[in-house]
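Engineer: Quick one: sequence plus predicted model below, questions after.
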Amino acid sequence: MSGIIAGIDGSAHSSLVLEWALKEGSLRNAHVTVITVDNVPASPWTGNPTILAGETAELERIRKIAEELTQQVASGLGGRRPQSVTVRAVAGYPAKELIDASQDADLVVVGSRGTGGFARLLLGSVSSQVAEHAGCPVVVVPCEK
């Protein structure tokens, strides 16, 4: 999956991550893959993700939401569009899924999240793990103040 990976989580901050990734994809004439992860529980025995019955329907629901947000952000960019955009929803652990996707990517874009005061200076746990372990460069888009 070469090109740019944009990791979004449905938060208000996701639109900033998408905007940054789509603009960069346009500048580089690169494919953008938007990934949203349904964070599922871990098996107490193996630590692996536990995929529950009905997960397919939930993945399709969050994929549609991510696709709508992606289209909304892209429409605000005017004529500046990346080569192509794919939206994927996967079940698992957000940091691990983004790190795995980064192995074949040129760039990963994620958001930082904080809740004000000193916390705003800190990276979120997912963005911190991705920045530390990704197989390609990572851009962490800061929250608007």
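Structural biologist: Received, thanks.

Engineer: Got the phi and psi for the residue in the chain sticking out farthest from the centre?
Structural biologist: Computed with C-alpha atoms, centre = their mean, the residue of the chain farthest from its C-alpha average is residue 45, at 28.1 Å. When read as degrees, to the nearest 10, the backbone of residue 45 gives phi -90, psi -40.

Engineer: Tell me where the chain has helices.
Structural biologist: With helices called from DSSP state H, the chain shows them at 14-28, 55-75, 94-102, 125-133.

Engineer: in the last one, what counts as buried?
Structural biologist: Residues 126, 127, 129, 130, 131 are the ones in helix 125-133 that count as buried (16 or more other C-beta atoms under 10 Å). All C-beta atoms are positioned from the backbone trio N, CA, C, and that covers glycine.

Engineer: ok and that helix relative to helix 14-28, angle-wise?
Structural biologist: 30 degrees (axes from the mean of the first three to the mean of the last three C-alpha atoms, to 10 degrees).

Engineer: other SSEs contacting helix 125-133?
Structural biologist: helix 94-102, strand 107-111, strand 138-141 (3 or more C-beta pairs under 8 Å, 6 or more residues apart in numbering; DSSP states H and E).

Engineer: swap the cut-off to 6 Å and go again
Structural biologist: When contacts are defined as 3 or more C-beta pairs under 6 Å, 6 or more residues apart in numbering; DSSP states H and E, helix 125-133 sits against helix 94-102, strand 138-141.

Engineer: Quick one, which of the ones you listed gets closest to residue 67.
Structural biologist: Ranking the helices and strands packed on helix 125-133 by their distance to residue 67 (criterion: C-beta to C-beta) puts helix 94-102 first, at 17.3 Å.
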